[in-house]
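Undergrad: Sequence first, predicted coordinates after that:
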Amino acid sequence: MLQVQRLCKEINGRPILSDINFVIEDGGSLAIVGESGSGKSTLAQLIMALKQPTSGQVLFNERSLPRKGIKSYKEWYSDIQIVFQNTASTLNPAMSLYRCLEEPLINFTNLKRRERRDKILEYLNKVGLHRDLLKHRPGKLSGGQYQRACLAKALIISPKLLICDEIVASLDIVLQQQMIELLMSIQKERGLSLLFITHDLSLVPGLCADILVMKDGKKVEQFNTSALHNEEERDIYTITLLKSTESLETTWKQYATHDNKSTG
Ligand SMILES: Nc1ncnc2c1ncn2[C@@H]1O[C@H](COP(=O)(O)OP(=O)(O)OP(=O)(O)O)[C@@H](O)[C@H]1O
Ligand SMILES: [Mg+2]
């Protein structure tokens with residue numbers, strides 16, 4: 001279970017996150033939704049111990065954030081893995097995809113060479129990538145393939161919690177849907193806990209049980225995803241976010257219809 005308690009982060013005296021509280025139970029899923037600059041990635045970086053909180057704490061299964069010593073960091077990262085928004089640095093450009101995926105197995109498990117190979121093939125298959133890609137450098141992968149490879153790298157050591165920070169933002173709408181479906185099936189199969197960070201509320205239903213809306217580093221509200229469209233209960237800010245994704249969808253559909261008519 002992940003517990004985020006009274007978490008605050010200031011940078012150069014400016015509050016970036018203020019009093020953030022939430023819990024993700026084992027196998028649970030929470031979406032963090034907010035516009036650009038609301039502090040979503042900062043929150044992810046704090047949970048990944050990449051930044052120190054100004055105050056408050058993060059606990060995973062009663063254990064607090066690692067501060068020093070390789071052992072405590074190693075334990076933390078065997079439980080919690082992240083796929084980043086800007087993934088260009090996730091896979092070493094100088095190594096083959098095979099080596100990129102083998103690296104976490106060498107660092108976090110005692111598997112033998114042969115067992116590592118089986119794991120790599122298993123996870124490659126899980127994320128829907130062909131084994132022919134393993135000999136290539138990451139630079140040869142398309143955007144969608146690259147994201148899948150990053151997902152495989154994060155999942156290959158069987159973490160208990162996966163954090164996804166805007167992982168579909170740069171993909172086209174078809175690949176976005178495929179990625180969301182992939183996450184849903186992995187979550188179901190593995191009982192993985194999920195913290196899914198996005199600015200796009202329309203991606204959340206079906207994937208996450210709960211939604212926490214953030215604005216300017218503060219929690220606006222948290223609710224069950226089934227209550228997303230209950231406008232009487234929802235904060236005005238959440239409704240604005242929801243309407244903005246809906247109007248984008250409508251514009252896109254109108255554009256697509258117009259395009260179809262004009263071309264054919
Ligand atoms: N190292 C830093 N120094 C100064 N300000 C920072 C630093 N890191 C983040 N910030 C500020 O903190 C705020 C929150 O940034 P953050 O990246 O967490 O937002 P976000 O919600 O992830 O945005 P996006 O949707 O664009 O990814 C922003 O105003 C950003 O400029
Ligand atoms: Mg971000």
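TA: Received, thanks. Ligands and ions are numbered 1, 2, ... in the order given.
Undergrad: what about Ile186, how many residues close to it?
TA: Counted by other Cβ atoms under 10 Å, the residues lying close to Ile186 total 18. Every C-beta, even on glycine, is put in place using the N, C-alpha and C of the backbone.
Undergrad: any idea how far it lies from ligand 1?
TA: Plainly put, Ile186 is 23 Å away from ligand 1 if you go by Cβ to the nearest ligand atom, to the nearest Å.
Undergrad: Next: Leu201.
TA: Note on Leu201: its distance to ligand 1, by Cβ to the nearest ligand atom, is 13 Å.
Undergrad: so what pLDDT did Ser64 get?
TA: Looking at Ser64, its pLDDT stands at 95.
Undergrad: give the contact list for the spatially closest residue to it that is not a sequence neighbour.
TA: Sequence neighbours aside, Gln57 is the residue nearest to Ser64 in space, at 5.8 Å (criterion: Cβ to Cβ, 6 or more residues apart in numbering). Gln57 is in contact with Gln3, Val4, Gln5, Arg6, Leu7, Ser64, Leu65, counting by Cβ atoms under 8 Å, 6 or more residues apart in numbering.
Undergrad: At which residues are the helices of the chain located?
TA: 40-47, 70-79, 97-108, 113-126, 143-155, 173-190, 236-263 (DSSP state H).
Undergrad: Select, out of those helices, the one closest to ligand 2.
TA: helix 40-47 (3.1 Å; Cβ to the ion).
Undergrad: just the angle between that closest one and helix 70-79, please?
TA: In terms of direction (axes from the mean of the first three to the mean of the last three Cα atoms, to 10 degrees), helix 40-47 departs from helix 70-79 by 130 degrees.
Undergrad: Give me the helices and strands touching helix 40-47, please.
TA: Helices and strands touching helix 40-47, as assessed by 3 or more Cβ pairs under 8 Å, 6 or more residues apart in numbering; DSSP states H and E, comprise strand 2-11, strand 14-24, strand 161-165, strand 193-198.
Undergrad: May I see the buried residues of it?
TA: The neighbour-count check on helix 40-47 (16 or more other Cβ atoms under 10 Å) flags Lys40, Ser41, Thr42, Leu43, Ala44, Gln45, Leu46, Ile47 as buried.
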